[in-house]
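Asks: kindly generate the corresponding structure for this input.
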Amino acid sequence: MYEDQLKELGLTDNEVRIYLLLLKQGMMNPSGISQKLGLHRGYIYDALERMQEKEVVNSVLKDNKKQFQATSPESLVELLRFKLENLQKIVPELMKIAELKKEETRVELHRGKRVYRILLKDVISTLKKNEEAYLIGIDENLLITEVEPIYLKQYLNNIKLKNIKEKIIIKIGGKQLRNPNLQYKELDEKYIGKTAQIIYNDKIAVFILGTPYYLIIIENKEVAETYKKQFNLLWSIAKLV
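Replies: Numbering: from 1, shown residues only. Reported below is the predicted structural model:
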């Protein structure tokens, strides 16, 4: 239930198991952890060392023996907040470095079942307050089933906070999400095709269904403007839902 969120802290599957065990059982030694999880004791020692570096567990001496306990969830939140604040301080300088090496066109290719999550995060981090995104062919049914509800809820909350508006062209009869920041129009499927496109700032994301899913993100101002003109043309002939 919590595994995916904990893995976003940089933990492996087994490290997540160790953390949850310590959270439930309290203080334990490596031998006890090894027996409970059925993992080799040597692996447990190595994993605990990595987890201490990540600050998700800590150790204490009890009866001259090292015991381990999980960092409290509240402390993890504070730790992430502290790291985020430190990162935000250097972002302007990092952006200057990135601008020096920035190519005219940048292309990213992602594959796998969770590419939607990558896309949602990139849209939020790219768009500023009061900006717009333009979507064509997004299958909201797929979005609801493939993106964990917590991430979709976070995304919708974020666009509300930043007052980001989305204009969305869907196939006739397609599902809609109820949100004041989203405006839908319908268009015949023949004008939309089999891929989903999102235009946001100087980026175009193309989502391709298949096994696995593919996500292509292109960053180029002129290309984005061309896609935006095509979107506006389709928007002008699409029908309000």
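
Asks: show the subsequent helix or strand relative to the helix or strand of the chain with the lowest mean pLDDT.
Replies: Ranking every helix and strand in the chain by mean pLDDT, DSSP states H and E puts helix 140-146 at the bottom, with a mean of 68. Reading on from helix 140-146 to the C-terminus, the next helix or strand found by DSSP states H and E is helix 149-161.

Asks: buried stuff in that next one?
Replies: Tyr151, Leu152, Tyr155, Leu156, Asn158, Ile159 (16 or more other Cβ atoms under 10 Å). In this view, the C-beta of every residue, glycine as well, is placed from N, C-alpha and C.

Asks: what about the closest residue to the third one other than its chain neighbours, which SS state?
Replies: Leaving out its chain neighbours, the residue that sits closest to Tyr155 by Cβ to Cβ, 6 or more residues apart in numbering is Leu120, at 4.5 Å. Put simply, Leu120 is helix when judged by DSSP: H, G, I helix; E, B strand; the rest coil.

Asks: please apply the same query to Ala205.
Replies: strand.

Asks: count the neighbours of it for me.
Replies: 24 (other Cβ atoms under 10 Å).

Asks: OK, contacts around it?
Replies: For Ala205, the contact set (Cβ atoms under 8 Å, 6 or more residues apart in numbering) comprises Leu119, Asp122, Val123, Gln197, Ile198, Leu215, Ile216, Ile217, Ile218.

Asks: so which of those belong to strands?
Replies: Those of the contacts of Ala205 mapping onto strands are Gln197, Ile198, Leu215, Ile216, Ile217, Ile218, per DSSP state E.

Asks: mind listing what's buried along the lengthiest helix in the chain?
Replies: When the chain is parsed with DSSP state H, its longest helix is helix 73-100. Residues of helix 73-100 classed as buried: Leu76 (neighbour count, 16+ other Cβ under 10 Å).

Asks: what's the average pLDDT for it?
Replies: Mean pLDDT, computed over helix 73-100, is 81.

Asks: with stretch 19-37 instead?
Replies: 92.

Asks: straight-line length of that stretch, end to end?
Replies: 11 Å (Cα to Cα, to the nearest Å).

Asks: buried residues in it, which are they?
Replies: Tyr19, Leu20, Leu21, Leu22, Leu23, Met28, Asn29, Pro30, Ile33, Ser34, Lys36, Leu37.

Asks: good, wrapping up.
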